[in-house]
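Chemist: Generate a structure from the sequence data that follows.
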Amino acid sequence: MDTQSRPRQPRYQQIKRYILDGISSRAFLPGCKIPPEMELARQFEVSRMTVNKAIRDLAEAGILLRFAGDGTYVAERKAESPLLDINNIAEEVRSRGHTHSCDIHLLRAEPASDDVALRLGVPAGSTVFRSLLVHREDGLPIQLEDRYVNPQWAPGYLSQDFTQTTPNAYLMEACPLTDIEHSVEAVLPGNVEAELLETIVSSPCLLVLRRTWSHKNLVSFARLVHPGNNYKLRSRTRVSE
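Modeler: Numbers count the residues shown, from 1 in each chain. Model (predicted):
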């Protein structure tokens with residue numbers, strides 16, 4: 001497609017990308033101010049209201065901190081995930097201006113154990129697909145994803161290259177996920193988990209047990225382990241007034 005025929009991004013999106021690129025390149029360091037709104041307005045030849053929208057969006061995402069009468073700062077942040085959403089961890093990482101990568105430690109078909117069969121709603125011993133991945137943010141391990149998938153609903157799962165996409169992205173395309181069930185608890189990692197997450201067995205982790213459905217079909221069960229010293233989960237719920 002001719003680049004001249006591509007629609008241009010809205011100006012506030014261009015400003016957001018400029019700020020995110022500045023954070024990613026460390027031109028804007030955590031704890032430091034970004035340029036004032038009036039300076040950004042002149043640079044992008046837009047109104048201050050347009051700049052304000054871009055900064056407000058990034059502040060609501062926790063990337064920037066705004067202080068009345070002082071200015072806007074790059075937040076000192078832990079990696080975080082929305083607790084109540086079916087999320088794509090690669091997109092989360094990129095939204096923070098960082099680089100996502102993934103190590104594949106296991107990708108195979110195997111018999112369902114009693115526990116997995118119960119959680120996935122299949123007969124014990126039946127074939128399920130399993131993946132064991134470590135997701136990284138700028139090289140730092142932030143999630144160990146141990147996922148079991150019902151082959152009936154995602155037959156192409158084992159042929160995916162999860163260094164280029166994520167299980168979430170593939171499942172959303174193959175059988176759009178519509179419902180989620182999860183529990184969260186603090187745990188100490190086992191020896192293998194600690195080694196994969198490059199932490200120690202005495203360092204607490206956050207464990208999320210998550211099941212996902214595509215309409216009435218139970219598609220996957222995942223055990224997600226996050227190192228507690230550099231990760232957090234957040235939840236935002238709208239309450240009717």
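Chemist: Now do the same contact list for the residue positioned nearest the centre of the chain.
Modeler: The C-alpha lying nearest the average C-alpha coordinate of the chain belongs to Ile89 (Cα atoms, centre = their mean; 2.3 Å). Residues counted as contacts of Ile89 (Cβ atoms under 8 Å, 6 or more residues apart in numbering) are 81, 100, 135, 142-143, 145, 166, 168. Any C-beta I mention is one placed from the backbone N, CA and C, and that applies to glycine too.
Chemist: how does this structure divide up, domain by domain?
Modeler: Following automatic domain parsing, one finds the domains of the chain at 3-74, 79-234.
Chemist: where among those is the average confidence lowest?
Modeler: Among those, domain 3-74 carries the lowest mean pLDDT, at a mean of 85.
Chemist: For this structure, which segments count as strands?
Modeler: For the chain, strands defined by DSSP state E occupy the ranges 64-67, 71-74, 79-82, 100-111, 127-137, 140-149, 179-187, 205-214, 217-227, 231-234.
Chemist: want to try TSV for these, with distance to Glu195 as columns?
Modeler: Compiled in TSV, the strands of the chain are given as follows (distance: least, Cβ to Cβ, whole Å):
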stretch	distance to Glu195
strand 64-67	35
strand 71-74	33
strand 79-82	20
strand 100-111	10
strand 127-137	10
strand 140-149	10
strand 179-187	16
strand 205-214	13
strand 217-227	12
strand 231-234	17
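Chemist: Any figure for the gap between the most far-flung residue of the chain relative to its centre and Tyr18?
Modeler: Distance from the C-alpha centroid of the chain peaks at Arg42, with 33.7 Å (Cα atoms, centre = their mean). Arg42 sits 13 Å away from Tyr18, taking Cβ to Cβ, to the nearest Å as the criterion.
Chemist: Pull the contacting residues for the closest residue to Ala75 other than its chain neighbours.
Modeler: Leaving aside its sequence neighbours, Ala75 sits nearest to Leu65 (Cβ to Cβ, 6 or more residues apart in numbering; 5.0 Å). Contacts for Leu65 were tallied using Cβ under 8 Å, 6+ apart; they are 59, 72-75.
Chemist: can you check Pro123 too?
Modeler: By Cβ under 8 Å, 6+ apart, the contact set of Pro123 is 112, 117.
Chemist: How many residues are close by the closest residue to Asn168 other than its chain neighbours?
Modeler: For Asn168, ignoring the flanking residues on the chain, the nearest one in space by Cβ to Cβ, 6+ apart is Asn88 at 4.7 Å. As a burial measure, Asn88 scores 18 neighbours (other Cβ atoms under 10 Å).
Chemist: next one: the one 4 residues further on
Modeler: By the other Cβ under 10 Å criterion, the neighbourhood of Glu92 contains 21 residues.
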